[in-house]
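Enquirer: have a look at this prediction, sequence included:
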Amino acid sequence: MKIVMLNAATLPIYRDELTQLLVEANQQGRSAGFPYAIEQKDAEDSFNYLRHALAQNKRLLWIARDEKGVMGTVQLNLTQPADSPHEAEINTLLVCTRARRRGVGRLLIRELEHTAQNLRCTVLSSDMQSGSEAEAFYRAQGYRCAAFKAESDRYSRKNEVVYYKRLTAFTCSSPPLF
């Protein structure tokens, strides 16, 4: 298995596989923030829209892949309010059925956290449905549940609970991304 960060130029290469992953997750009730049954076209459109955000370094996107193709993905939303410049939001962590319970999600999150530290992020968060499998996963990765106000416009999906993690002090071990 290999974890790869995509950019605006490489996203189209994997768009079809990412689209299938998103449709599969939605059909299985792992909605990834989509409150309705997402169709192929809607999933494609979401990745087409994402390409612009990647080009402007507003989002980062990783995939996990093996010889059979894309197994998982995760995004880091770097657009935060001016009063919280060192915070970032985790979006759309998905792992395909054939790869679940094999550590794919954990490896994607670790890569995301490492990059976030290098970008000087000190807090990561993600909102999710209360009682979902995602809650147990994030707790196992060291995230804690925080109070969440439904009227807040801060989180993209407006789900019921927010999990956050404070990252350790900045230590750069990689070349700058931007």
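Expert: Received it, and whenever you're ready, just let me know what you need.

Enquirer: just the strands in the protein please.
Expert: Taking DSSP state E, the strands of the chain run over residues 2-6, 59-66, 69-77, 87-95, 123-128, 144-146, 161-166.

Enquirer: which one, of the ones you listed, ends up nearest to Val23?
Expert: Counting by CB to CB, Val23 lies closest to strand 87-95 out of those; the figure is 10.4 Å. Just so you know, the C-beta spots here come from the backbone N, C-alpha and C atoms, and that holds for glycine as well.

Enquirer: tell me which residues are up against the closest one.
Expert: Contact partners of strand 87-95, identified using CB atoms under 8 Å, 6 or more residues apart in numbering, comprise 21-22, 25, 30, 32-33, 59, 64, 71-78, 80, 104-105, 108-109, 112, 116, 119, 121-127, 134, 155-157.

Enquirer: from the residues you listed, which would you call buried?
Expert: 21-22, 25, 30, 32-33, 59, 64, 71-78, 80, 104-105, 108-109, 112, 116, 119, 121-127, 134, 155, 157 (16 or more other CB atoms under 10 Å).

Enquirer: hang on, Leu119 packs against Gln80?
Expert: No - the pair Leu119 / Gln80 is not scored as a contact, 11.6 Å apart, by CB atoms under 8 Å.

Enquirer: what sits against the closest residue in space to Thr19 that isn't next to it in sequence?
Expert: Nearest residue to Thr19, sequence neighbours excluded (CB to CB, 6 or more residues apart in numbering): Ala43, at 4.3 Å. Counting by CB under 8 Å, 6+ apart, Ala43 touches Leu18, Thr19, Gln20, Leu22, Val23, Asn26.

Enquirer: count residues in the vicinity of the first one, would you?
Expert: Applying the criterion other CB atoms under 10 Å, we find 23 residues in the vicinity of Leu18.

Enquirer: buried residues in stretch 162-170?
Expert: Judged by neighbour count (16+ other CB under 10 Å), stretch 162-170 contains these buried residues: Val162, Tyr163, Tyr164, Lys165, Leu167.
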